[in-house]
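Participant: have a look at this prediction, sequence included:
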Amino acid sequence: WGSVCGGDEWTYREAQVVCNQLGLTTVQVFPFSYRHYEGAGDALVLSGGFSCGGEEERLLDCPPAPASSTCSNRNSANVICASCSNGDVRLVGGESYSGRVEVCLYGQWTRVCTNEQWGDTEALVTCRQLGLPTGGAYAATNFGRGSGVIVMTSVRCDGSEGRLTQCSFNQPTSYRCQGYYEPDNDAGVVCAGECRDGEVRLGGSNVPSEG
């Protein structure tokens with residue numbers, strides 16, 4: 001086994017061929033050419049890499065790219081075969097309209113840190129993005145902790161956003177809740193209509209205290 005030369009010749013087309021050859025279902029591919037995965041093939045296979053059209057079944061079906069004098073194992077070709085699109089959100093661990101919030105970033109599902117910034121406004125934006133009821137959407141933290149890395153902390157929305165990643169947030173370098181203790185539960189939401197389970201109200205009267 002050996003690695004493939006990356007550099008400018010390693011593009012989305014070559015990455016797509018690799019993902020297809022591996023039989024991986026992909027929504028997006030992410031090629032990159034800096035050393036990232038240690039120990040994966042230190043010897044270069046081709047100094048010039050490949051020049052694919054993107055439709056080939058195998059990487060070796062692609063013609064070779066022009067030889068590069070700068071090719072080394074420090075810029076070997078890498079790829080992420082992503083199963084989700086950047087910015088997508090999903091709910092995990094709850095019912096159909098509720099759960100722990102996970103966000104697709106860099107081709108993988110990541111966790112959202114819950115802290116004092118995570119509230120009903122952030123829940124509203126999450127539910128809106130998913131096309132779920134928003135009238136009584138509220139934040140929750142009772143859906144457990146995910147297994148992925150934390151890439152979003154201190155999320156703060158103003159309520160007008162169409163996607164959660166349009167809100168302001170921090171990206172911790174340690175993939176932990178930056179500046180906060182590690183919570184037992186990740187950020188979650190309940191996407192509800194105009195009322196929450198168990199609430200009561202008085203109707204049929206113009207007087208708030210009767211009905």
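Facilitator: Great, that's in hand. Residues are numbered from 1 along each chain as shown.
Participant: okay, strands next: where are they in the chain?
Facilitator: Counting by DSSP state E, the segments of the chain that form strands are 28-32, 78-82, 89-92, 98-105, 108-112, 138-140, 150-156, 168-170, 188-190.
Participant: point out the most buried one among those.
Facilitator: Using mean count of other CB atoms under 10 Å, the stretch among these with the greatest mean number of neighbours is strand 188-190 (a mean of 27). Where C-beta positions appear, they are placed from N, C-alpha and C, glycine not excepted.
Participant: and the residue nearest the centre of this structure?
Facilitator: In the chain, the C-alpha nearest the mean C-alpha coordinate belongs to residue 104, at 1.3 Å (CA atoms, centre = their mean).
Participant: spatially nearest residue to that residue, not counting backbone neighbours?
Facilitator: Ranked by CB to CB, 6 or more residues apart in numbering and with sequence neighbours excluded, the top spatial neighbour of residue 104 is residue 84, at 3.7 Å.
Participant: what of residue 159?
Facilitator: Sequence neighbours aside, residue 121 is the residue nearest to residue 159 in space, at 4.9 Å (criterion: CB to CB, 6+ apart).
Participant: distance of residue 143 relative to residue 101?
Facilitator: Separation of residue 143 from residue 101 (CB to CB, to the nearest Å) stands at 9 Å.
Participant: give me the common contacts of those two.
Facilitator: Common neighbours of residue 143 and residue 101 (criterion: CB atoms under 8 Å, 6 or more residues apart in numbering): 186, 188.
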